[in-house]
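1. sequence and predicted structure are below.
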Amino acid sequence: MVFSESGDLNTSTQMLRAGQFQMLTTRSGAVTAESVGSLPGVGSTTVDLDTRMDMVPNVAAGRLESAEARRALLSSVDSDQIARLVTGDPDAVAPEGGTGAFRGRTDSGNAAETIGATAADPLRIAADTLDDEAVEAARRIVDQLGSAGIPATVVTPTASDLYSAFLPRGEVDAVVVWQDRERSRTDLRSMFTCDEADRPLRAPSQQLPTESELSTEADGDGDDVTSSQAPESTTSEEAPPATTESDEVAPNARASNISGICDAELDALLEDGTDDQVGEYLASQALSLPLTGDRVVVGRSAELAGPPGRVASWPVGERSGPFVTVPEWFRAGGSEPHDDETHNDTDTTREADNE
């Protein structure tokens, strides 16, 4: 079994058509399902996984410590537009938020003033440098914030630096990240309970990489410039030391509680509160904003055999999608007739089954 990555949809479908691939999985766009489903001898289906892309404010960033500031930030983002632009699907909308998601928009007045963002010290919206979709979403968020008068810039550290250094130190203000959809109280505790595990910070491998640059006034002659180096506040000349804080005050590297929230009232509600109480309190705290769901298109040629029936009827995992059945896959012999199911299997969209 060999897994490989292909550059784009056209290349991938050609490799599937030519028999170089026996299965293709790709995130859905405007014509992805139609493109894969139109290939001769290929069965296809569309699967909605139990993950979504969220924008998560960082409570450790001082200016987003208050729920009011977080609400002002998230209210300034048009999540439906982000979903359309990131997926390339004009009909895409942001997924309905789960129990822990921010609901609705509030009139925050002067959001930049409420948040405390300035041209000299813009909001830093982070995304894992290897996650192309998250980086694109962060760019679009920064575009929207700029249009709303909120100075912001994109930073793209590695995942290890982001979660073990920059987030807990409060050096980024929000992060765009894929998260599991919360399905139970246990999931909510994992995402929002005050995290007291001992995970020491480590020094980042490099200074905070800033991708987008803000316009500033040139010093001296007063001429306008269209770009500049990132403000000093977004970078440092050298990486921070491993950690010099005392054990009592040193923050921990992040685990599943990405927001870094540590709220005694919330912890108590997660233990003993009703679902309505938990949902109302979490929504008021503005700890995550859903941006787009994780919908993948699967195409299978007749050369790949697996569970009985059409690929649309194969079991799928909450997070792994069709790969949950990998132990049952094998390469069908070239002399075997093509399974009829691969010729007419493009009409099913299904929610992911439980693993």
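-> Arrived safely, thanks for sending. Numbering: from 1, shown residues only.
2. now do the contacts for residue 15.
-> 6, 21, 24 (Cβ atoms under 8 Å, 6 or more residues apart in numbering). In short, each C-beta sits where N, CA and C put it, glycine included.
3. off-centre distance for the helix or strand where it lies?
-> Taking DSSP states H and E as the criterion, residue 15 maps to helix 9-17. Centroid separation between helix 9-17 and its chain, computed with Cα atoms, centre = their mean, to the nearest Å, is 26 Å.
4. quick one: contacts of the helix or strand following it?
-> Moving toward the C-terminus from helix 9-17, the next helix or strand (DSSP H and E) is strand 23-27. Residues from elsewhere that reach strand 23-27 (Cβ under 8 Å, 6+ apart): 6, 9, 12-13, 15-16, 32, 36, 87, 133, 294-301, 304, 321-323.
5. any idea of the angle strand 23-27 forms with helix 9-17?
-> 160 degrees (axes from the mean of the first three to the mean of the last three Cα atoms, to 10 degrees).
6. look up how far residue 313 lies from residue 194.
-> Separation of residue 194 from residue 313 (Cβ to Cβ, to the nearest Å) stands at 43 Å.
7. residues in contact with residue 326?
-> Residues near residue 326 by Cβ under 8 Å, 6+ apart: residue 1.
8. show the model's pLDDT score for it.
-> For residue 326, the pLDDT comes out at 91.
9. ok, now residue 220?
-> Residue 220 is assigned 40 on the pLDDT scale.
10. same deal with residue 338?
-> You'll see residue 338 listed with a pLDDT of 46.
11. can you check residue 227 too?
-> The model's pLDDT for residue 227 equals 35.
12. using the three-state scheme, assign residue 282.
-> Counting by DSSP: H, G, I helix; E, B strand; the rest coil, the backbone at residue 282 sits in helix.
13. number of nearby residues for it?
-> Using other Cβ atoms under 10 Å, residue 282 has 27 other residues around it.
14. need the contact list for it.
-> Counting by Cβ under 8 Å, 6+ apart, residue 282 makes contact with 99, 100, 101, 188, 192, 266.
15. save these as JSON lines, and put in distance to residue 140 too.
-> Output for the contacts of residue 282, formatted as JSON lines (distance: Cβ to Cβ, whole Å):
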{"residue": "99", "distance to residue 140": "26"}
{"residue": "100", "distance to residue 140": "23"}
{"residue": "101", "distance to residue 140": "19"}
{"residue": "188", "distance to residue 140": "28"}
{"residue": "192", "distance to residue 140": "26"}
{"residue": "266", "distance to residue 140": "30"}
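16. among those, who's most crowded?
-> Comparing the contacts of residue 282 on neighbour count, residue 192 comes out first with 28 neighbours (neighbours: other Cβ under 10 Å).
17. I'd assumed residue 262 was in contact with it.
-> No - if you go by Cβ atoms under 8 Å, residue 192 and residue 262 don't touch, sitting 9.5 Å apart.
18. ok now the helix ranked longest in the chain, how far from the chain's centre?
-> If you go by DSSP state H, the chain has its longest helix at helix 132-147. How far helix 132-147 lies from its chain's middle: 12 Å, per Cα atoms, centre = their mean.
19. now it: buried residues?
-> Residues of helix 132-147 classed as buried: 133-146 (neighbour count, 16 or more other Cβ atoms under 10 Å).
20. got a markdown table for the residues you listed, with pLDDT too?
-> Putting the buried residues of helix 132-147 into a markdown table (pLDDT from 0 to 100) gives the following:
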| residue | pLDDT |
| --- | --- |
| 133 | 94 |
| 134 | 96 |
| 135 | 97 |
| 136 | 97 |
| 137 | 97 |
| 138 | 98 |
| 139 | 97 |
| 140 | 98 |
| 141 | 98 |
| 142 | 97 |
| 143 | 97 |
| 144 | 96 |
| 145 | 96 |
| 146 | 95 |
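21. now distance to residue 280 too, for the residues you listed, in TSV please.
-> Shown next, in TSV, are the buried residues of helix 132-147 (distance: Cβ to Cβ, whole Å):
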residue	distance to residue 280
133	31
134	29
135	33
136	33
137	27
138	29
139	33
140	29
141	26
142	30
143	32
144	27
145	27
146	32
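22. where exactly do the helices run in this structure?
-> Using DSSP H, the helices assigned to the chain run over residues 9-17, 32-37, 67-75, 79-87, 111-115, 132-147, 159-161, 185-192, 264-272, 275-285.
23. what residues go with each domain of the chain?
-> Domain ranges of the chain: 9-49+294-351, 50-293, per automatic domain parsing.
24. re the thing from before, would JSON lines of the helices of the chain with distance to residue 204 be doable?
-> As requested, the helices of the chain are exported to JSON lines (distance: least, Cβ to Cβ, whole Å):
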{"stretch": "helix 9-17", "distance to residue 204": "35"}
{"stretch": "helix 32-37", "distance to residue 204": "36"}
{"stretch": "helix 67-75", "distance to residue 204": "24"}
{"stretch": "helix 79-87", "distance to residue 204": "27"}
{"stretch": "helix 111-115", "distance to residue 204": "24"}
{"stretch": "helix 132-147", "distance to residue 204": "18"}
{"stretch": "helix 159-161", "distance to residue 204": "4"}
{"stretch": "helix 185-192", "distance to residue 204": "24"}
{"stretch": "helix 264-272", "distance to residue 204": "29"}
{"stretch": "helix 275-285", "distance to residue 204": "28"}
